[in-house]
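> any chance you can model this:
(one chain, ligands or ions: 3)
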Amino acid sequence: MKKIGLLGSTGSIGTQTLDVIREHPEQFLLISMSVGQNIDLAKKQIQEFKPKLVSVLSDNDKEKLKLEFGDKVEVVSGHEGLVEVAVHEDVDVLVNAVIGSVGLKPTLAAIEEKKQIAIANKETLVTAGHLVTEAANRNGVTLLPVDSEHSAIFQALNGERTMDIERLILTASGGSFRDLTRDALKNVTVEQALNHPNWSMGAKITIDSATMMNKGLEVIEAHWLFNIPYEQIDVLLHKESIIHSMVEFHDKSVMAQLGTPDMRVPIQYALTYPKRLERLNGDRLNLWDIGTLNFAKLDFERYRSIAYAYEAGKKGGSFPTVLNAANEEAVAAFLNKRISFLEIERLIEQALEYHVGIKQPTLEEIIEIDQQSRDFIHSKID
Ligand SMILES: NC(=O)C1=CN([C@@H]2O[C@H](COP(=O)(O)OP(=O)(O)OC[C@H]3O[C@@H](n4cnc5c(N)ncnc54)[C@H](OP(=O)(O)O)[C@@H]3O)[C@@H](O)[C@H]2O)C=CC1
Ligand SMILES: CC(=O)[C@@H](O)[C@H](O)COP(=O)(O)O
Ligand SMILES: [Mn+2]
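Ligands and ions are numbered 1, 2, ... in the order given. Predicted structure coming up:
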């Protein structure tokens, strides 16, 4: 029985992680979970999965849950609450499905406690990949990728040596506006941006997908997870999201992982690795029904965010922290209809230009730079 801590249980990845747990009650047990503000869903999840510990964002919601559940569940709150969920003594594996760099501290804390980490929360790796991977190596902790592209690469690399890799090829759907010219992006709406062609995901990552920053963040995520230089990480447009990513080796052999777009597959693989468990639900991949798979070269002028991400990743140090924090704030402002779609990347470009980099930022420096970058974005909007 694997005992699970889950950060972000009410989100898209969180609820699908609970689907996997629900489907295999003999394999998995939910020990602890964190939610943000969706208390109604949290109540249902507590009733169904009976975790020992729950963390909520506000003290007010903490009191509400305490009133409702009494001593049946321990309730904590705030950022410290996320850490408590992550390091609960009964947890074997932490699924980090929270959104944003708020996931960094609990991840580092869980690694220090030698918990396995199933990581969906890419912002944590982008903002402080060097700290997370150093801590994981020092503690002998494997970072198990949940992101579909990284799970694909992880599976393609099974039994392979890093030294044999020629390049990683991340596939990209192109997002909600893939059929629009750059000029047409001037007037797009939030509602249009939230309409991803292949995946049903949380709002922030869906906007990231539309700007292609999602793929930029994933390039940095791949750099840290697989210890591969940026020059050996490519992006390929593939509009069906059937090939989740590929690895090319020096002998020119290419390994790809395929499947229907269903995040429960990589979530479950991260939880069962190195074994596989049967899935009773979900569609099988029928390539004869699909018929054709499409591929196209990426235009960096059309998708500027991804160029900024490569640039920040190659510069390294504190630049990816700035990229991530600026993006989080700019996307939030777009979702709140305070800025236009194209302003997201303009603001990120400005934040990166303004920043004077630090080479090997400490955790304290990262937290400070993250806040400064958010303040910078607000100073441009407010
Ligand atoms: N969705 C997907 O298919 C994929 C997602 N990912 C990555 O997984 C992560 C999660 O994405 P997704 O599930 O789509 O996101 P969602 O927005 O659907 O869910 C986010 C979760 O985090 C909680 N949360 C939000 N803000 C805070 C905060 N400040 N403090 C504590 N908890 C908070 C939310 O709580 P509440 O709702 O209760 O407020 C919710 O449980 C992201 O890093 C994303 O890039 C990667 C690959 C695919
Ligand atoms: C499901 C998943 O892993 C997302 O990160 C997905 O990759 C988004 O799709 P695109 O970024 O390719 O549009
Ligand atoms: Mn992905």
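
> contact partners of the one helix or strand His79 maps to?
Assigned by DSSP states H and E, His79 falls within helix 78-87. Contacting residues not belonging to helix 78-87 are listed as 5-7, 32-34, 53-59, 76, 94, 96, 98, 102-103, 105-107, 109-110, 112-113, 115 [Cβ atoms under 8 Å, 6 or more residues apart in numbering]. All C-beta spots, glycine's among them, are computed from the backbone N, C-alpha and C.

> ok, now how distant is Asp251 from ligand 3?
Distance of Asp251 to ligand 3, given as Cβ to the ion, to the nearest Å: 27 Å.

> that residue and Ile153: what is the separation?
The spacing between Asp251 and Ile153, counted by Cβ to Cβ, to the nearest Å, is 17 Å.

> quick check: nearest residue in space to the residue of the stretch 151-300 of the chain found nearest ligand 1, chain neighbours excluded?
As assessed by Cβ to the nearest ligand atom, ligand 1 sits closest to Gly202 within the stretch 151-300 of the chain, at 2.6 Å. Excluding the flanking residues, the one nearest Gly202 by Cβ to Cβ, 6 or more residues apart in numbering is Ser12, at 4.6 Å.

> now do stretch 27-46: distance to the chain's middle.
19 Å (Cα atoms, centre = their mean, to the nearest Å).

> how about stretch 68-80?
Relative to the centre of its chain, stretch 68-80 is centred 26 Å away, using Cα atoms, centre = their mean.

> what's next to the helix or strand containing Gly5, contact-wise?
Under the criterion of DSSP H and E, Gly5 resides in strand 2-7. If you take Cβ under 8 Å, 6+ apart as the criterion, strand 2-7 is touched by 14, 17-18, 21, 27-34, 82, 85-86, 88, 90-98, 103, 106, 110, 115, 121, 271.

> hang on, the earlier thing: just checking, next helix/strand downstream of the helix holding His79?
Next in sequence after helix 78-87, counting helices and strands by DSSP H and E, comes strand 93-96.

> what packs against that following strand?
strand 2-7, helix 12-23, helix 104-112, strand 116-119, helix 264-272 (3 or more Cβ pairs under 8 Å, 6 or more residues apart in numbering; DSSP states H and E).

> kindly export the host helix or strand of Ile31 (C-alpha atoms) in CSV.
Taking DSSP H and E as the criterion, Ile31 maps to strand 28-34. Provided in CSV are the C-alpha atoms of strand 28-34 (Å, rounded to 0.1, in the frame of the first residue of the first chain):
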residue,chain,number,x,y,z
PHE,A,28,-3.1,3.7,-2.6
LEU,A,29,-4.1,5.5,0.6
LEU,A,30,-4.6,9.2,0.9
ILE,A,31,-2.9,10.5,4.0
SER,A,32,-2.8,14.2,3.6
MET,A,33,-4.0,16.8,1.1
SER,A,34,-4.0,20.6,0.6
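
> can you map out the strands along the stretch 101-250 of the chain?
Counting by DSSP state E, counting those that start in this stretch, one finds strands in the stretch 101-250 of the chain at the ranges 116-119, 143-145, 165-172, 233-237, 243-249.

> list the contacts of the residue of the stretch 151-300 of the chain found nearest ligand 3.
Across the stretch 151-300 of the chain, the shortest distance to ligand 3 (Cβ to the ion) belongs to Glu218, at 5.5 Å. By Cβ under 8 Å, 6+ apart, Glu218 lies in contact with 122, 147, 149-150, 170.

> and the helices in the stretch 251-382 of the chain, which stretches?
Using DSSP state H, counting those that start in this stretch, the helices of the stretch 251-382 of the chain run over residues 264-272, 287-290, 304-315, 319-335, 341-354, 363-381.

> want to throw these into TSV with mean neighbour count?
Converted to TSV, the helices of the stretch 251-382 of the chain look like this (neighbours: other Cβ atoms under 10 Å):
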stretch	mean neighbour count
helix 264-272	23
helix 287-290	8
helix 304-315	21
helix 319-335	25
helix 341-354	19
helix 363-381	17
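
> could I get the ones you listed in JSON lines, plus columns for distance to His130 and mean pLDDT?
Shown next, in JSON lines, are those (distance: least, Cβ to Cβ, whole Å; pLDDT from 0 to 100):
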{"stretch": "helix 264-272", "distance to His130": "22", "mean pLDDT": "98"}
{"stretch": "helix 287-290", "distance to His130": "40", "mean pLDDT": "95"}
{"stretch": "helix 304-315", "distance to His130": "12", "mean pLDDT": "98"}
{"stretch": "helix 319-335", "distance to His130": "9", "mean pLDDT": "98"}
{"stretch": "helix 341-354", "distance to His130": "18", "mean pLDDT": "98"}
{"stretch": "helix 363-381", "distance to His130": "10", "mean pLDDT": "98"}
